[in-house]
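Asker: The sequence isn't on hand, but the structure is:
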């Protein structure tokens, strides 16, 4: 008996886009205890948050699945995540 696993392209594309944003966000996100902890904990947090956000993922379809558009989407999502992480880090430092 052989089990087959199929994953639609739009689901994989949506996962990677959300993962890019969460990865960028957790890069600079100030979390108590994680500055001295391993970087793997930030990766685990990003992946866990990506899976937790599964019910609200937008479906990537149409032109977003073209390689050049997908690469532009990944870069823009990562930059948005980095911008939000830096903004939260700056506000956290400003409030203390």
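Answerer: Received, thanks. Note that this is a predicted model, so its numbers are computed, not measured.
Asker: Show me the helices in the chain, by range?
Answerer: Per DSSP state H, the chain has helices spanning 9-28, 40-52, 67-95. These are given in chain order.
Asker: deepest of those, which one?
Answerer: Mean neighbour counts were compared across those using mean count of other C-beta atoms under 10 Å; the top stretch is helix 9-28, at a mean of 19. All C-beta spots, glycine's among them, are computed from the backbone N, C-alpha and C.
Asker: What are the phi and psi values at residue 6?
Answerer: As for residue 6, its main-chain torsions (degrees, to the nearest 10) stand at phi -120, psi 140.
Asker: Can I get the helices of the chain in TSV including mean pLDDT and distance to residue 3?
Answerer: Conversion of those to TSV gives the following (pLDDT from 0 to 100; distance: least, C-beta to C-beta, whole Å):
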stretch	mean pLDDT	distance to residue 3
helix 9-28	85	18
helix 40-52	88	21
helix 67-95	87	29
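Asker: Could you export these as TSV, including distance to residue 1?
Answerer: Formatted as TSV, the entries for the helices of the chain read as follows, by distance: least, C-beta to C-beta, whole Å:
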stretch	distance to residue 1
helix 9-28	25
helix 40-52	28
helix 67-95	35
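Asker: For the most far-flung residue of the chain relative to its centre, give its distance to residue 7.
Answerer: For the chain, the C-alpha lying farthest from the average C-alpha position belongs to residue 1; by C-alpha atoms, centre = their mean, that distance is 35.8 Å. As defined by C-beta to C-beta, to the nearest Å, residue 1 lies at a distance of 20 Å from residue 7.
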